[in-house]
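A.B. asks: Build the 3D model from these lines:
(chains A and B)
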Amino acid sequence: MELLEADSLAKSFTVKEGPVFRKSPKTVIALRDVSFKVKKGEVFGLLGPNGAGKTTTIKILCTLIAPTSGDAFVNGHSVTRAPQKARQDLGVMLTGDRTLYWKLTGRENLEYFSALYHMEKELAKKRIEQVLKLVGLEDRQNTLVENYSTGMRIRLSFGKAILHEAPVILLDEPTMSLDPQSALLIREVIQDLRRSGHAIVLTTHYMEEADQLSDRVAIIDQGKIIALAPPAALKESVMKSETIDIEARNIDPQVVEKLRGIDTITEVTSFVEDASSMKGMIKIHATDAKDAIPELLGVLVKGGVEISNVKVAEPTLEDVFISLTGRALRD
Amino acid sequence: MFSSVSRGEPSVTSLGDLAPLAAIFKKQVRHLIRYPGEFIFVLIIPYFLTAMVVAMGNSAGGASAVSNFSVRTGSKLNPFVFLIIGAGVWMISWMVLEGIGTSLRDEQIKGTLEQNFLAPINRFLLLVGTALAQIVITTILFATVIAATVLVLAPGSAAGLVWAFGILMVGLIPLFGIGFVFAALVVRFKEPYAFTQAANVLFAVVTGTFYTVNFLPFWVQVISSAIPQTFVIQDMRLVVESVNSLFGAVGTILVLFTMAVIYPFLGYSFFKLFEKRAKIHGDLSKF
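C.D. replies: Got it, this is the predicted structure:
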């Protein structure tokens, strides 16, 4: 049974660019023909680089912005024709920690939002206790949010999203900026929510998180879904090649380009984390890693690249994205 | 399909909208209490304004300033009382208009506006509830300023205060309608103070805050007659002066009631129009 359906969603924005008084309108296409369904008890991952259209999709689903065309249905309610009913059946966590009232305590924030979602007072009281316990804020519930750490605010924001037990939950980067322990806690709650039958849409930058939590993943790039399948199936599609991860310094793009000349290598991407030392990662897809490694190391060493680690890895969702687009997710 | 009953979620009651409204009001009061400075300082502003106008009148009119004032305005009220009623109503209307417009802007900057817009509540509740706390507190404060001045300088007119505050309450309703227009402009242009401050100063001139509107050119009086504060100030002065008589003010009170019905409807329609545009352009999260 589908609790959420996106049907041919498209969104374009008109932005004005140029000097004052001579600005000319420019149309930016944020989403094109995005369709998917999310079942009861399913976690649906939306994966893509910045600006791919993940947040635009979430904002259309939660009625904050109107689609240019297409529609979406939350528990059967159209987000364009019955937005208020759709909102009642949605729990939403938007990115960041500025989604709460900093001059209110954690408890006061939850009390406020429970009223906005029409929860009865007694039921809300019990549920707030549960949620505070669930997100580990029981002891700090009466502290003003301005005195919370970033992690605590994000946990409270997550608690707000699950407070009224909506059938559909939209989580936009729920573990961003969180310490590993808090991120783990949120992932565990997401698993529990799936078991209790909620339909969950999750956007994330973290490949491992999408892989671990999602029943199905949609990879979105330049406003379009380019692949949609369970993570295992997506990874299987690139299994025919092996992945070699090389950590190195002094990465020279011209030297990296030379790797393409090696017969068994099918794809090469690199990303530099530190521009001063040119330290970063080179990802290589090869039909036979064992054969490719001696030759590619030779090319890199000769080109002055200082290698610190070489690893032949199982394909990840990032590899899927690379094989589909030729670019890394963090590009 | 999930149903409210099956998952034990409370359904929306027939009075379902009152609880969110109360929650919004409570949240705003909590915020205001936690930032108290503004209210303490704003209390003295009507006295400063009135004192400034009295000083100007004395410097221009000399010894006959008070008698001239009485003749020119046709009011037997103590000039300070006459002026403080205008200044008090002006400050209240300033707070109402700015309250509705800027409270949304404040939420937008804080990042909480989207959170409120995600909730299954009517936007009308959000607009009204957000401004209501500030307006209630402001109205109480400035009504107290007016009442204290009347009790000290014109104790015989104290009974008229009851009628005066009744008129003020009616006059606040159409002000909400104008406030919605400012809220819409804030959502669209994100510059609350540019609009509200310009309008508030304009309103001070055309609504007879420190004089009667009869002095104004006819075409300005036409504009004045479209603004509820004009009638509120005029009628409050009238009932304070005549103590218990509403007779002189009946016609204009009817105008106020009419405005109270029409303006909120027009203002909210205008807001909905801009809200729709904001949804198309994604303006709610831009600041």
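
A.B. asks: When you work out contacts or count neighbours from here on, use the C-alpha atoms and nothing else.
C.D. replies: Will do.

A.B. asks: So for the residue in the stretch 51-200 of chain A positioned nearest to chain B, what's the pLDDT?
C.D. replies: Distances between the stretch 51-200 of chain A and chain B by Cα to the nearest Cα are smallest at A:Ile65, namely 4.2 Å. Predicted confidence (pLDDT) for A:Ile65: 89.

A.B. asks: Following the lowest-mean-pLDDT helix or strand in chain B in sequence, what is the next regular element?
C.D. replies: Lowest by mean pLDDT, DSSP states H and E among the helices and strands of chain B is helix B:37-42, with a mean of 71. Taking DSSP states H and E as the definition, the helix or strand that follows helix B:37-42 towards the C-terminus is helix B:45-61.

A.B. asks: what about that following helix, average pLDDT?
C.D. replies: 89.

A.B. asks: And that helix, how far out from the chain middle?
C.D. replies: 23 Å (Cα atoms, centre = their mean, to the nearest Å).

A.B. asks: buried residues in it?
C.D. replies: When burial is assessed from 16 or more other Cα atoms under 10 Å in any protein chain shown, helix B:45-61 yields the following buried residues: B:46-47, B:49-50, B:53-54, B:57.

A.B. asks: cool, stretch A:12-24 as well?
C.D. replies: Buried residues in stretch A:12-24, counted by 16+ other Cα under 10 Å: A:12-13.

A.B. asks: for the record, mean pLDDT for that stretch?
C.D. replies: Here the mean pLDDT over stretch A:12-24 is 79, rounded to a whole number.

A.B. asks: do that stretch and chain B meet?
C.D. replies: Yes - contact check for stretch A:12-24 against chain B, using Cα under 8 Å from any Cα of the partner chain: residues in range are A:13-14.

A.B. asks: Just the residues contacting that stretch, thanks.
C.D. replies: Taking contacts as Cα atoms under 8 Å, 6 or more residues apart in numbering or on different chains, the residues outside stretch A:12-24 that touch it are A:25-31, A:68, B:280-281.

A.B. asks: which of those tops the neighbour count?
C.D. replies: A:Leu31 (26 neighbours; other Cα atoms under 10 Å in any protein chain shown).

A.B. asks: Can I take it that that residue is in a strand?
C.D. replies: Yes - A:Leu31: assigned to a strand according to DSSP: H, G, I helix; E, B strand; the rest coil.

A.B. asks: Next one: B:Arg72 from B:Phe231, what distance?
C.D. replies: Counting by Cα to Cα, to the nearest Å, the gap from B:Arg72 to B:Phe231 is 19 Å.

A.B. asks: So for those two, which sits in the more crowded spot?
C.D. replies: Remark: of B:Arg72 and B:Phe231, B:Phe231 carries more neighbours, 26 against 13, as counted by other Cα under 10 Å.

A.B. asks: who are the neighbours in contact with that one?
C.D. replies: B:171, B:207, B:225, B:252-253, B:256.

A.B. asks: Out of those residues, which one has the lowest pLDDT?
C.D. replies: The minimum pLDDT among the contacts of B:Phe231 falls on B:Thr252, with 81.

A.B. asks: Now do it: how many residues are near it, please.
C.D. replies: B:Thr252: 17 surrounding residues under other Cα under 10 Å.

A.B. asks: Could you check how far it is from B:Arg237?
C.D. replies: Taken as Cα to Cα, the spacing of B:Thr252 relative to B:Arg237 amounts to 13 Å.

A.B. asks: For the longest helix seen in chain A, which outside residues touch it?
C.D. replies: Criterion DSSP state H: the longest helix present in chain A is helix A:180-195. Helix A:180-195 is touched from outside by A:40-43, A:134-135, A:151, A:155, A:158, A:174-175, A:200, A:213, with contacts defined as Cα under 8 Å, 6+ apart.

A.B. asks: in stretch B:28-48, what's buried?
C.D. replies: B:28-29, B:31-32, B:43, B:46-47.

A.B. asks: does any bit of that stretch sit next to chain A?
C.D. replies: Yes - judged by Cα under 8 Å from any Cα, stretch B:28-48 and chain A are in contact via B:30-31, B:34.

A.B. asks: In which helix or strand does A:Phe21 reside?
C.D. replies: With DSSP H and E as the test, A:Phe21 turns up in no helix or strand.

A.B. asks: number of nearby residues for the closest residue to A:Ile65 other than its chain neighbours?
C.D. replies: Closest residue in space to A:Ile65, ignoring its immediate chain neighbours: B:Lys279 at 4.2 Å, by Cα to Cα, 6 or more residues apart in numbering or on different chains. By the other Cα under 10 Å criterion, the neighbourhood of B:Lys279 contains 18 residues.

A.B. asks: Show me what the strand or helix carrying B:Lys279 is packed against.
C.D. replies: For B:Lys279, the element it lies in under DSSP H and E is helix B:250-281. Counting by 3 or more Cα pairs under 8 Å, 6 or more residues apart in numbering or on different chains; DSSP states H and E, the packing neighbours recorded for helix B:250-281 are strand A:2-17, helix B:160-189, helix B:228-241.
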